[in-house]
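Trainee: Sequence and predicted model, in that order:
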Amino acid sequence: MKNTSKIAILVMAAGAASRMQKVKQLLPWKGSNLLSHTLKTLREFQKQHLYVVLGANYDAIFKQIDFAALSASIIHNTSWEKGLGNSISCGVGHILNQDEDYEGILVCLADQPLMDTAYYKAMISEFQRKNHPILATKYAAKAGVPALFRHDVVTELTRLDADTGAKKVLAKYKDAIYIFDAGARITDVDTPEEYQKLYEQYN
């Protein structure tokens, strides 16, 4: 029988972020860096079943972050250049091959530093309460990540192989998605200017 409290968390951190001109995952944030901050935030409420997908700049990131101390298991996607969808497929496939019986997988990004523990916990709490097929975050004209996919939906994520993330799966289940509003937590950190503005405001 599935245990509804057993959620795997998958952090996407495999992209090259070429517009940033630096390794985005390692950009300073609150005494550490963007990726470490994300993992610490998640670890505040879940100290196991935490996975992170790395790809571009793997060696540099691995040297800078003590993943064991953050209770995070590394998934190395050597095909990261194919895009976010491929990295999600790689990560979910790895999780499904573990000797675990997860009720769902929470997919989130390493470059959304304003996402906090309260938001992630609220998503998981709602999932446990109503067992929705998908819980996703509200954007201006779409649903996106962070998103929580139920066990009977996650296998579809393994078939992704493009640079459009989980959009295909979210579109297929659009009428069954429970939407969460993250408000000001939604941020873009895609350019040096966006990062600098956010850094000056919150650090």
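Mentor: Cool, got the structure.

Trainee: State the distance from residue 194 to residue 136.
Mentor: 23 Å (CB to CB, to the nearest Å). C-betas here are computed from N, CA, C, even on glycine.

Trainee: More neighbours: which of the two?
Mentor: residue 136 (25 against 15; other CB atoms under 10 Å).

Trainee: residues contacting the more buried one?
Mentor: Residue 136 makes contact with 143, 144, 145, 146, 147, 148, 170, 177, 178, 179, 180, according to CB atoms under 8 Å, 6 or more residues apart in numbering.

Trainee: what's the average pLDDT for stretch 93-106?
Mentor: Average pLDDT, stretch 93-106: 93.

Trainee: which parts of it are buried?
Mentor: 93, 94, 95, 96, 102, 103, 104, 105, 106 (16 or more other CB atoms under 10 Å).

Trainee: Among these, name the ones in strands.
Mentor: 104, 105, 106 (DSSP state E).

Trainee: Would you reformat those as CSV and include distance to residue 120?
Mentor: Formatted as CSV, these follow (distance: CB to CB, whole Å):
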residue, distance to residue 120
104, 13
105, 13
106, 7
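
Trainee: Go through those and name the one nearest residue 190.
Mentor: Using CB to CB, residue 106 is the member of those that lies nearest residue 190, at 22.3 Å.

Trainee: Name the residues of the helix or strand of the chain with the lowest mean pLDDT that are buried.
Mentor: Least confident element among the helices and strands of the chain, by mean pLDDT, DSSP states H and E: helix 167-172 (a mean of 87). Under the neighbour-count criterion of 16+ other CB under 10 Å, helix 167-172 has 167, 169, 170 buried.

Trainee: for stretch 71-82, same thing?
Mentor: Those would be 72, 74, 75, 77, 80, 82, for stretch 71-82 by 16+ other CB under 10 Å.

Trainee: Among those residues, which lie within strands?
Mentor: Short answer: the buried residues of stretch 71-82 in strands (DSSP E) are 72, 74, 75.

Trainee: ok, the first one touching residue 53?
Mentor: Same thing as residue 72. No: in this structure residue 72 lies outside contact range of residue 53 using CB atoms under 8 Å: 10.6 Å.

Trainee: Remind me which helix or strand residue 179 belongs to.
Mentor: strand 177-180 (DSSP states H and E).

Trainee: Partner strands of that strand and their direction?
Mentor: strand 134-138 (parallel) (DSSP bridges).
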